[in-house]
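Asker: sequence-free structure coming up:
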DNA sequence: GACCCGTGGGG
DNA sequence: TCCCCAAGGGT
């Protein structure tokens, strides 16, 4: 039995019942789930995915609505730029691919918001192709089980893809199952903190376990605190704009954060990123991207 | 490669 | 409380 065989067998008995894994999920549904899952936990994605797919069952449905509606529907999943890119992605698929999700890796990679991981995930899970699919879970599982390391080092895309490629079964359908199985293992058993090794199909062959499960050593870089960052300010500004039914006067945005310099920087950043538009010659009113026309109507 | 980009829940 | 982290992508 190879690691892939063990993982697939384990997955068949332990896979979570997630909505985008239901039979009949379209490539678009797979793509939407993968984008939503970029840095957002499964439990919060599930209901959002259902609502999104009900409202926009195809790329063309989404492309017909303005980006502002995508940003609103995104709700509090975080990183709202993903909503905007998903909208741009839908528009690009309508323009370049007749409204269908392409099955070619290169064409997928060329779409907005679709990077190395997501392109491979869609080609593999939506179309059954044989590609290594490497996310943070896979990197951790391979680091421990194969390399004997306590955790994955910094992402090195090419090397990570090579490492996983060597573990993939030859047959494409099994290769796809192996990839999803490794991801699932990393998500619910071989977790970053407190791995559940007794439940792991690799427990007896895991290189990390066999070497005594050493703890990680060395200094870990402390990420920036969230409180007080531009990201928090952007979140507060966008929260106001999401719920607005018309143009929001600058004065109302001024109320969300006292530091004027930081507030202005955050707002300018949102405009630069295309999430927000300024209205009027004085740029004294703001709307979500794509709402300018509607806003003008409401002005009259 | 470093850094920026939201949000919420668990330990 | 505080810290960590969660199916990354773009610059």
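Answerer: That came in fine, so what should we check first? Remember, predicted model here, so these are calculated numbers, not experimental data. Residues are numbered from 1 along each chain as shown, chains lettered A, B, ... in the order given.

Asker: all helices of the stretch 151-300 of chain A, in order?
Answerer: Using DSSP state H, counting those that start in this stretch, the helices assigned to the stretch 151-300 of chain A run over residues A:157-165, A:172-188, A:207-210, A:230-243, A:250-254, A:260-272, A:292-299.

Asker: for the stretch 201-300 of chain A, which residue gets nearest to DNA strand B?
Answerer: Residue of the stretch 201-300 of chain A nearest DNA strand B, by CB to the nearest atom of the strand: residue A:235 (1.7 Å). All C-beta atoms are positioned from the backbone trio N, CA, C, and that covers glycine.

Asker: measure that residue to residue A:246 for me?
Answerer: Counting by CB to CB, to the nearest Å, the gap from residue A:235 to residue A:246 is 21 Å.

Asker: now swap in residue A:90 and tell me
Answerer: Counting by CB to CB - residue A:90 and residue A:246 are separated by 26 Å.

Asker: before we move on, what about residue A:54?
Answerer: Residue A:54 is 27 Å from residue A:246, by CB to CB.

Asker: what do you get for residue A:149?
Answerer: 54 Å.

Asker: dump the residue contacts of the spatially closest residue to residue A:202 that is not a sequence neighbour.
Answerer: Closest residue to residue A:202 apart from its sequence neighbours, by CB to CB, 6 or more residues apart in numbering: residue A:145 at 4.7 Å. Shown in contact with residue A:145 (CB atoms under 8 Å, 6 or more residues apart in numbering): A:3, A:190, A:202, A:205, A:206, A:207, A:208.

Asker: average pLDDT across stretch A:171-187?
Answerer: For stretch A:171-187, the mean pLDDT works out to 98.

Asker: right, is it up against DNA strand B?
Answerer: No. Using CB under 7 Å from any atom of the strand, we find that stretch A:171-187 stays clear of DNA strand B, coming within 13.3 Å at best.

Asker: and stretch A:226-239, what's buried?
Answerer: By 16 or more other CB atoms under 10 Å, the buried positions in stretch A:226-239 come out as A:232, A:233, A:234, A:235, A:237, A:238.

Asker: go on, stretch A:124-134?
Answerer: In terms of neighbour count (16+ other CB under 10 Å), stretch A:124-134 has its buried residues at A:124, A:125, A:126, A:127, A:129, A:130, A:131, A:132, A:133, A:134.

Asker: now a ChimeraX select for only the buried ones of the contacts of residue A:145.
Answerer: The ChimeraX selection below is limited to those of the contacts of residue A:145 classed as buried (16+ other CB under 10 Å):
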select /A:3,190,202,206,208
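
Asker: now the contacts of residue A:145 in a markdown table, with distance to DNA strand B and pLDDT?
Answerer: Below are the contacts of residue A:145 laid out as a markdown table (distance: CB to the nearest atom of the strand, whole Å; pLDDT from 0 to 100):
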| residue | distance to DNA strand B | pLDDT |
| --- | --- | --- |
| A:3 | 25 | 97 |
| A:190 | 15 | 98 |
| A:202 | 22 | 98 |
| A:205 | 26 | 97 |
| A:206 | 21 | 98 |
| A:207 | 23 | 97 |
| A:208 | 20 | 97 |
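
Asker: now tabulate the contacts of residue A:145 in JSON lines and tack on distance to residue A:30.
Answerer: Shown next, in JSON lines, are these (distance: CB to CB, whole Å):
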{"residue": "A:3", "distance to residue A:30": "25"}
{"residue": "A:190", "distance to residue A:30": "24"}
{"residue": "A:202", "distance to residue A:30": "27"}
{"residue": "A:205", "distance to residue A:30": "31"}
{"residue": "A:206", "distance to residue A:30": "30"}
{"residue": "A:207", "distance to residue A:30": "32"}
{"residue": "A:208", "distance to residue A:30": "31"}
